[in-house]
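A.B. asks: Need the 3D shape of this:
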Amino acid sequence: MRVLNIAYQQLRRYGKTRVSWAQKLTFGLIKNDHYTQVFSDRDVAAFEAPLGIRDLGVKKANRRLLETVEAFEPDLVIAGHCDMIGNDTLQVIKRQLPNCTIAHCNNDPLFVPSNVERIKYRAEVVDAIFVSTGRRELKIFEGGGSRGKGARVYHMPNPVDPSIENLDNARRTDLPIDLLFCSNSNNFTKRLQMVKNLKDALGEELNFKTYGSFGEAPVWGRDYDRALAQTKMGLNFNRQDTHYWYSSARMAQLAGNGILQFTSDKLHFDQLLPPESAVYFSDEQDLLAKIREFHNDDAKRQDWAARARDFSSRK
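C.D. replies: Model (predicted):
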């Protein structure tokens, strides 16, 4: 199958990238023998714009996408996080290639109102929608879709790719970072208060790194890889723990690298993940007790982390 994956490829970051689920999707398609091309809407808009002012290049980026579609003739178009591309452009693609399926993939949280509107907008023209939130939360997007049929709606877990999540920290006992939390956003969240409480309570008991918070610089690209490579356990704290089966990509990054993770029991991942693979907590005191438990029982930490890694990395 010929697949065109429209998503931000971070070309202008020049290596200082965030871990990209869109890139993992491309890798997975290629590994499964699909001829896959990418189109980076934000980068193309900037490259094509006068003086590199991205917003001035939006119309040109949409035209370049149509040129790409005409030249490549995809069987499947995946419209990921590509706000530069309008629904009118996707409709042109559908008219030009009536047998081409168009799907929207969205890995952002539903507690951000603008993201809900973004998905509803795409539902007006696409054939299918894939969202990294549990299926029972996605009924609000049913009933739209191309040709009046209604877009089909699916849950899409955050992907793990063994070429990216290539560590196996579950096998190691010589890791200097006992607990890790990385963040870069304080919008729609109060999670840092709990992180601060944990730091205060744990004190010198363990080495707790909080990159991106409390004066510690955030880490990207190779620096993030190096932080993960030194870590035993990580906090999987979403900005809000309110939506069934929703997690940021942090869950996949921790699990795929064999790093034991602590996550809220309110998300019901125990219904998706195998037993004794992620550590679920009900409140702050419960979490604190479980951090201490696994910190003081390294064999148990390794066993649970290995089970999560095996599950998330299986083909």
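
A.B. asks: Please, where are all the helices along this protein?
C.D. replies: Secondary structure of the chain (DSSP state H): helices at 21-31, 41-48, 58-72, 87-96, 113-123, 191-202, 221-229, 250-256, 284-295, 298-313.

A.B. asks: Return the set of buried residues in the fifth one.
C.D. replies: To tie it back to what came earlier, the one meant is helix 113-123. Neighbour-count burial for helix 113-123 flags 115-116, 118-119, 122-123 (criterion: 16 or more other Cβ atoms under 10 Å). The way it works is simple: take the backbone N, C-alpha and C, and place the C-beta from them, glycine included.

A.B. asks: now swap in the fourth one and tell me
C.D. replies: Within helix 87-96, the residues that count as buried by 16+ other Cβ under 10 Å are 89-90, 93-94.

A.B. asks: Which residue, other than its chain neighbours, is closest to the residue nearest the centre of the chain?
C.D. replies: Residue closest to the average C-alpha location in the chain (Cα atoms, centre = their mean): Ala249, at 3.3 Å. Distance criterion Cβ to Cβ, 6 or more residues apart in numbering; nearest residue to Ala249, sequence neighbours excluded, is Asn158 at 4.8 Å.

A.B. asks: how much space is there between the residue nearest to the centre of the chain and Arg54?
C.D. replies: Relative to Arg54, Ala249 is positioned 24 Å away (Cβ to Cβ, to the nearest Å).

A.B. asks: now swap in Gln91 and tell me
C.D. replies: Distance from Gln91 to Arg54, by Cβ to Cβ: 23 Å.

A.B. asks: next one: Phe27
C.D. replies: As judged by Cβ to Cβ, Phe27 and Arg54 stand 26 Å apart.

A.B. asks: what stretches of the chain score poorly on pLDDT?
C.D. replies: 143-150, 185-189, 315 (pLDDT under 70).

A.B. asks: at 90 what do you get?
C.D. replies: 10-20, 51-52, 108-113, 133-151, 157, 183-194, 212-218, 220-221, 237-249, 313-315 (pLDDT under 90).

A.B. asks: how far out from the middle of the chain is stretch 264-273?
C.D. replies: How far stretch 264-273 lies from its chain's middle: 17 Å, per Cα atoms, centre = their mean, to the nearest Å.

A.B. asks: swap in stretch 160-179?
C.D. replies: So, by Cα atoms, centre = their mean, the centroid of stretch 160-179 is 18 Å from its chain's centroid.

A.B. asks: got the buried residues for that stretch?
C.D. replies: In stretch 160-179, counting by 16+ other Cβ under 10 Å, buried: 160-161, 164-165, 167, 169-170, 172, 175, 177-179.

A.B. asks: repeat for stretch 16-32
C.D. replies: So, applying 16+ other Cβ under 10 Å, buried residues of stretch 16-32: 19-27, 29.

A.B. asks: List the beta-bridge partners for Phe262.
C.D. replies: Leu235, Val279 (DSSP bridges).

A.B. asks: roughly how far apart are the spatially closest residue to Phe311 that is not a sequence neighbour and Pro162?
C.D. replies: In space, and not counting its chain neighbours, Phe311 is closest to Pro274: 5.3 Å by Cβ to Cβ, 6+ apart. Per Cβ to Cβ, Pro274 is found 18 Å from Pro162.

A.B. asks: again, but for Glu73
C.D. replies: Distance from Glu73 to Pro162, by Cβ to Cβ: 31 Å.

A.B. asks: show me what contacts Leu202?
C.D. replies: Counting by Cβ atoms under 8 Å, 6 or more residues apart in numbering, Leu202 touches 179, 208, 288, 291-292.

A.B. asks: Need those in a markdown table (columns: distance to Asp200).
C.D. replies: Listed next are the contacts of Leu202 as a markdown table, based on distance: Cβ to Cβ, whole Å:
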| residue | distance to Asp200 |
| --- | --- |
| Leu179 | 14 |
| Phe208 | 10 |
| Leu288 | 10 |
| Ile291 | 13 |
| Arg292 | 14 |
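
A.B. asks: Go ahead and confirm Ser183 touches Phe214.
C.D. replies: No. With contacts counted by Cβ atoms under 8 Å, Ser183 stays clear of Phe214, the gap being 10.1 Å.

A.B. asks: The two: who's more crowded?
C.D. replies: Shown here are Ser183 and Phe214; by other Cβ atoms under 10 Å, Ser183 has more neighbours (20 against 11).

A.B. asks: residues touching that one, list them.
C.D. replies: Contacts of Ser183 by Cβ under 8 Å, 6+ apart are 191-192, 210-213, 218, 237.

A.B. asks: ok, the residue nearest to Gly258 when sequence neighbours are not counted to Lys199 distance?
C.D. replies: Counting by Cβ to Cβ, 6+ apart, Gly258 lies nearest to Ala170, which is 3.5 Å off, once chain neighbours are set aside. Distance, Ala170 to Lys199, by Cβ to Cβ: 25 Å.
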